[in-house]
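Trainee: Structure here, sequence nowhere to be found:
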């Protein structure tokens, strides 16, 4: 009563170690998984399993995890609320994943990482326009510094690899997948697809932050909805539109299963990073993976060390 009369506010409870660093941990996982998936979906490391089939496995895992949380929390009644709203991010992420899967078959992983840098400024702009999030001058300068730095790293890695391929310094298996073996039109279309995927991903991340409404329960309810709707869309794409093309296998190979599990883990990391930090921070974690991607691309694919 004395504090209330004198207008002294009650001291806030100190944050636990988990509360302080949970967003950072989720972001680190997201960055690492993004780099790993860039490598496992490109060039000689790509799985022979159809991308739609891999993504159906991914969404099934995410749905199982989300549904378990929803049932545990007694939120099952919310699974049937505002379902039309879930169609927007689901359809967008389907397009993002398919564009990325297709494009990375024709370009090196480092180019995929290069184009993904567009997400950072695009997310900041979308957050300002649609969420009204004010980005200070200092933060703006920091974001653009990181953007141009990551862009330079990815561009340098790509140029270095092209020079080594032309001079014959790369191993034979790496030279076989050099970009000059891909038709120019296909290479340009793949690059445009990666650019469009980055902008679409940025906009979807901002929309998803708005949908989650800073609630853990809402996050898992929405992810359960996303999982069901995504499985339906990928199934239609695979078995109605792309069936019998012969370009990929509908059965899983080991690499396809690994990619599916990693994709599911990355999806959960994305959701938690958006909830605990925000869309801009989530994108920052994604684009920071360029360093890991460049290092992994050289060590595991080209068998050389980057300068």
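Mentor: Looks like it came in fine. Quantities reported herein were computed from a predicted structural model and do not represent experimental measurements. Residues are numbered from 1 along each chain as shown.
Trainee: Residue 306 falls within a helix, correct?
Mentor: No. Under DSSP: H, G, I helix; E, B strand; the rest coil, residue 306 falls outside any helix and is assigned coil.
Trainee: nearest residue to it other than its sequence neighbours?
Mentor: Leaving aside its sequence neighbours, residue 306 sits nearest to residue 298 (C-beta to C-beta, 6 or more residues apart in numbering; 4.6 Å). Heads up, the C-betas are built off the backbone N, CA and C, glycines and all.
Trainee: Could you tell me how many residues sit around residue 255?
Mentor: Neighbourhood size, residue 255 [other C-beta atoms under 10 Å]: 16.
Trainee: With residue 240 instead?
Mentor: With other C-beta under 10 Å as criterion, residue 240 counts 8.
Trainee: Burial check on the residue nearest to residue 306, number of neighbours?
Mentor: 20.
Trainee: go on, residue 73?
Mentor: 13.
Trainee: and what of residue 60?
Mentor: 17.
Trainee: Backbone dihedrals for it, please?
Mentor: phi -60, psi -40 (degrees, to the nearest 10).
Trainee: give me every residue that touches the closest residue to residue 197 other than its chain neighbours.
Mentor: The spatially closest residue to residue 197, leaving aside those adjacent along the chain, is residue 99, at 4.2 Å (C-beta to C-beta, 6+ apart). Counting by C-beta atoms under 8 Å, 6 or more residues apart in numbering, residue 99 makes contact with 193, 194, 196, 197, 200.
Trainee: In helices, which of the residues you listed fall?
Mentor: Among the contacts of residue 99, the members falling in helices (DSSP state H) are 193, 194, 196, 197, 200.
Trainee: what sits against the second one?
Mentor: Applying C-beta under 8 Å, 6+ apart, we find residue 194 in contact with 99, 100, 103, 104, 107, 111, 112, 115, 116.
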